[in-house]
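>>> Next come a sequence and a model predicted from it.
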Amino acid sequence: QVQLVESGGGLVQPGGSLRLSCAVSGRNITNYNMGWFRQAPGKEREFVAVVRWSGGNPIYGEPVKGRFTISRDNAKNMAYLQMSSLKPEDTALYYCVADVWAMGPGVHEYDYWGQGTQVTVSS
């Protein structure tokens with residue numbers, strides 16, 4: 001069983017940056033593709049980004065392309081989401097996800113989910 005724990009959320013001003021971290025335990029992270037989703041109040045859960053187990057082929061959702069960067073450190077069993085040029089519409093609960101095969105934007109593709117970390121973009 002894989003456990004995912006997110007950290008790094010908080011309050012940031014528009015235009016600012018934030019880095020989210022995802023600690024993986026229970027299994028070796030190299031077995032899994034790692035990704036991020038987010039959910040704003042009253043909205044459906046939205047795909048943010050995913051990266052292959054090797055660290056290659058990152059895929060981003062349209063709203064975050066060019067502003068967010070997903071990465072991973074397999075030696076540390078960690079995944080990251082670097083967020084820049086943040087906008088108020090980026091405000092959401094951000095979830096770390098893992099799956100052996102999934103690389104797509106579908107919520108139901110991913111077997112493992114963290115509890116989420118809140119990001120609030122506001123002046």
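Happy to help now that I have it.
>>> and the gap between the residue lying farthest from the centre of the chain and Pro88?
Seen from the C-alpha centroid of the chain, the residue lying at the greatest distance (CA atoms, centre = their mean) is Ser123, 23.3 Å away. Spatial separation of Ser123 from Pro88 under the definition CB to CB, to the nearest Å is 8 Å. For every residue, glycine as well, the C-beta is placed using N, CA and C.
>>> okay, and the common contacts of those two?
Taking CB atoms under 8 Å, 6 or more residues apart in numbering as the contact rule, Ser123 and Pro88 both touch Pro14.
>>> Name the residue closest to the centre of this structure, please.
Trp36 (2.4 Å).
>>> what about it, distance to Val100?
Distance check for Trp36 against Val100: by CB to CB, it reads 17 Å.
>>> Repeat that for Gln39.
As judged by CB to CB, Gln39 and Val100 stand 23 Å apart.
>>> Ok, Ser25 next?
With the distance defined as CB to CB, Ser25 ends up 16 Å from Val100.
>>> next one: phi and psi at the residue nearest to Gly116 when sequence neighbours are not counted?
Leaving aside its sequence neighbours, Gly116 sits nearest to Leu93 (CB to CB, 6 or more residues apart in numbering; 4.2 Å). Reported as degrees, to the nearest 10, the phi and psi values for Leu93 are phi -90, psi 120.
>>> Verify the stated contact: Leu93 with Thr120.
No: judged on CB atoms under 8 Å, Leu93 makes no contact with Thr120 at a distance of 9.9 Å.
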